[in-house]
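Participant: I would like to see how this sequence folds:
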Amino acid sequence: MRRRRRVKIIATLGPASSTPETIRQLFESGADVFRVNMSHTPHGELSRLHGIIRQVEQQMGRPIAVLADLQGPKLRIGTFENGSIELIEGNAFSFDLKRRQGDNKRVQLPHPEIFRAVKPGDMLLLNDGRLKVQVESATPERIVTRVVHGGSLSDRKGISLPDTTLPVSAMTEKDRADLDHAINIGVDWVALSFVQRPEDVAEAKKMARGRALVMAKLEKPSALAHLNEILEQADGIMVARGDLGVELPLEQVPGRQKQIIRAARAFGRPVVVATQMLESMIREPVPTRAEVSDVATAVFEGADAVMLSAESAVGSFPCQAVATMDKIAQTVENDPFYAGIIHAQRAQPQATAADAISAAARTIGETLNAAAIVCYTSSGATGLRAARERPATPIVALTPIPATGRRLALVWGLHCVLTEDAKSLDDMVGRACNIARAEGFAEPGQRIIITAGVPLRTPGATNMLRIAFVSRDGAGES
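Facilitator: A predicted model of the protein is given here:
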């Protein structure tokens, strides 16, 4: 099951895609990673879906990653006497802690932390950003605002604070329970919603203790102010454009997407572009031209993965949506401009032996027109470094650890293969040549590049590069 593209595809599972047959079809259509939204998924259902994915993985003989997406804190207002009110532009409107129904002058906001954090001038967004009010004054019991953009406001609508960093954790008690269950059953990645600062990621990583990788979802402007610090902490990044587009002016989102992708690539962190990529395919069998361009932009930018949400979870054409995304990605990566754009955005290697060898492998592979770069990786660090270079040469990542292969299934360009550890340098070369040929990457007489850390199973110690010829029996001659 060799993919004919480097970018990976994440498919969200839901009512339209929860059977073993559909999950297998999604994989065959091009899905590399399956996302489970914990906002709508009980623990028992997560366990069931995880079991099905592992069965498909065994049938297909290729590592598959499972991503559990935590709900995060949901901030909502209280209720109104008549179910809804009309906010009038220019009028005053207040939020308080009183447990009584609201009217056209006030409503309950049952989140004391907001009262302590907001300041005059801050904007508050209601009902997914459709309504906007500006804070005029704030005390620990009452916030007085002026309506900037009015409209209908009904019970329990959400509230967003784009100008305010709240002194609360990105994880609720539900999130902690979901994270604990996901880790215990063997989920590979956990996505942390509404990250505001690096401490949020550190808290989740402390709970995970290396048993799963933590992906920070960037959907709040306050997170962008701490982008580099969050990248230092997180194992991966998601550009969550839905909520980001609520809290930022929509016209700023494309630029921010590029900023995040390039920063993540420079740090060597996998980066996912998500939300509304093929939205019309929830109902229609084909996407719009604008949606095709949106997916293509993420691929041209060098994102590690592009994600389908409702398109595969509740849409009428889940497998067609995956196949469409696969076709777009393949077409972009074969475009004559693609290599130049990827090369122009490549980050300089850091001053380490491991980075130097990964950069050299890319250069040598392109100079010699090598069939593949084969990297041995136990922790995944060697594979991540190889992918960070975005080489034109295909990358085959060999690992004896199933968890490592699954985690790397989300990373750009990595074709992951589970294999036993090499017993010697000769065995390492021979095994790399055999696998490169068996997986369809190399033919007899072609050269491959081999990188590894010696001694083997030393995490992050990439210190060896070999050039080998693939012989007719698959063995290598270095």
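
Participant: CA atoms of stretch 257-268 as PDB?
Facilitator: Only the C-alpha atoms of stretch 257-268 are listed here, as PDB (Å, rounded to 0.1, in the frame of the first residue of the first chain):
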ATOM      1  CA  GLN A 257      -1.900  29.500   8.200                       C
ATOM      2  CA  LYS A 258       1.300  30.200   6.200                       C
ATOM      3  CA  GLN A 259       3.100  31.600   9.300                       C
ATOM      4  CA  ILE A 260       2.200  28.500  11.400                       C
ATOM      5  CA  ILE A 261       3.200  26.000   8.700                       C
ATOM      6  CA  ARG A 262       6.600  27.600   8.100                       C
ATOM      7  CA  ALA A 263       7.300  27.900  11.800                       C
ATOM      8  CA  ALA A 264       6.400  24.300  12.400                       C
ATOM      9  CA  ARG A 265       8.500  23.100   9.500                       C
ATOM     10  CA  ALA A 266      11.500  25.100  10.800                       C
ATOM     11  CA  PHE A 267      11.100  23.400  14.200                       C
ATOM     12  CA  GLY A 268      10.600  20.000  12.600                       C
END
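
Participant: now it, how far from the centre of its chain.
Facilitator: 12 Å (Cα atoms, centre = their mean, to the nearest Å).

Participant: Likewise for stretch 147-155?
Facilitator: That offset, for stretch 147-155, works out to 33 Å (Cα atoms, centre = their mean).

Participant: residues in contact with that stretch?
Facilitator: 77-80, 83-93, 107, 123, 126-127, 130-134 (Cβ atoms under 8 Å, 6 or more residues apart in numbering). Placement of C-beta: from N, CA and C, glycine included.

Participant: ok, of the residues you listed, which come out buried?
Facilitator: 77-80, 85, 87, 93, 107, 123, 126-127, 131-133 (16 or more other Cβ atoms under 10 Å).

Participant: is it possible to export the residues you listed to TSV including distance to Arg62, secondary structure and pLDDT?
Facilitator: Formatted as TSV, those follow (distance: Cβ to Cβ, whole Å; DSSP: H, G, I helix; E, B strand; the rest coil; pLDDT from 0 to 100):
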residue	distance to Arg62	secondary structure	pLDDT
Ile77	47	coil	97
Gly78	50	coil	97
Thr79	50	coil	97
Phe80	53	strand	97
Ile85	54	strand	97
Leu87	53	strand	97
Phe93	55	strand	98
Val107	52	strand	98
Met123	47	strand	96
Leu126	45	strand	96
Asn127	43	coil	92
Leu131	47	strand	97
Lys132	47	strand	96
Val133	51	strand	98
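
Participant: Identify the farthest-apart pair in those residues.
Facilitator: The span of the buried ones among the contacts of stretch 147-155, defined through Cβ to Cβ, is set by Thr79 and Met123 at 23.3 Å.

Participant: Which of the three states applies to Ser280?
Facilitator: What DSSP: H, G, I helix; E, B strand; the rest coil gives for Ser280 is helix.

Participant: what's the answer for Lys423, then?
Facilitator: coil.

Participant: Please report how far it lies from Pro15.
Facilitator: For Lys423, the distance to Pro15 (Cβ to Cβ, to the nearest Å) stands at 48 Å.

Participant: again with Glu28
Facilitator: 20 Å.

Participant: Quick one: list the elements packing against the helix or strand Ala329 falls within.
Facilitator: Element membership for Ala329 (DSSP states H and E) is helix 318-333. Contacts defined by 3 or more Cβ pairs under 8 Å, 6 or more residues apart in numbering; DSSP states H and E place helix 318-333 against strand 8-13, helix 20-29, helix 289-300, strand 305-308, helix 310-313.

Participant: That helix to helix 20-29, inter-axis angle?
Facilitator: Here helix 318-333 runs at an angle of 10 degrees relative to helix 20-29 (axes from the mean of the first three to the mean of the last three Cα atoms, to 10 degrees).

Participant: what's helix 318-333 in contact with?
Facilitator: 3-7, 9, 11, 16-17, 22, 25-26, 29-31, 277-278, 281, 285-287, 292, 295-296, 299-300, 306, 308, 311-312, 315, 338.

Participant: Could you do stretch 443-452 as well?
Facilitator: Applying Cβ under 8 Å, 6+ apart, the set of residues contacting stretch 443-452 is 357-358, 361, 364-365, 368, 370-376, 382, 386, 393, 422, 428-429, 432-433, 436-437, 441-442, 462, 464-472, 476, 478.

Participant: Drop anything exposed from those.
Facilitator: 357-358, 361, 364-365, 370-376, 382, 386, 393, 422, 428-429, 432-433, 436-437, 441-442, 462, 464-470, 476, 478.

Participant: mind checking which helix or strand of the chain has the lowest mean pLDDT?
Facilitator: Sorting the helices and strands of the chain by mean pLDDT, DSSP states H and E puts strand 476-477 at the bottom, at a mean of 62.

Participant: Now the phi/psi pair for Ser94, please.
Facilitator: phi -120, psi 150 (degrees, to the nearest 10).

Participant: What ranges in this structure fall below the confidence cut-off?
Facilitator: 457-460, 473-478 (pLDDT under 70).

Participant: any idea how it splits into domains?
Facilitator: 8-72+170-333, 84-160, 353-477 (automatic domain parsing).

Participant: Can you get me the start-to-end distance on the second one?
Facilitator: Yep, that's domain 84-160 we're talking about. Domain 84-160 has an end-to-end distance of 19 Å (Cα to Cα, to the nearest Å).

Participant: Over to the longest one?
Facilitator: For domain 8-72+170-333, the first and last residues are 12 Å from each other (Cα to Cα).

Participant: can you confirm Val144 is in a strand?
Facilitator: Yes - Val144: assigned to a strand according to three-state DSSP.

Participant: So in terms of bridging, what pairs with it?
Facilitator: Ser94, Ser137 (DSSP bridges).

Participant: Enumerate every residue touching it.
Facilitator: Ala92, Ser94, Val135, Glu136, Ser137, Ala138 are the contacts of Val144 under Cβ under 8 Å, 6+ apart.

Participant: can you rerun that using 7 Å?
Facilitator: The contact partners of Val144, by Cβ atoms under 7 Å, 6 or more residues apart in numbering, come to Ala92, Ser94, Glu136, Ser137.

Participant: For the third one, which non-adjacent residue is spatially closest?
Facilitator: This means Glu136. Among residues not flanking Glu136 along the chain, Val144 sits closest, at 4.9 Å (Cβ to Cβ, 6 or more residues apart in numbering).

Participant: so how far is Leu153 from that neighbour?
Facilitator: Distance of Val144 to Leu153, given as Cβ to Cβ: 16 Å.

Participant: which parts of stretch 311-331 are buried?
Facilitator: 311-313, 315, 317-326, 328-330.

Participant: Over to stretch 283-302?
Facilitator: Applying 16+ other Cβ under 10 Å to stretch 283-302 flags Pro287, Glu291, Val292, Asp294, Val295, Ala296, Thr297, Ala298, Val299, Phe300, Glu301, Gly302 as buried.
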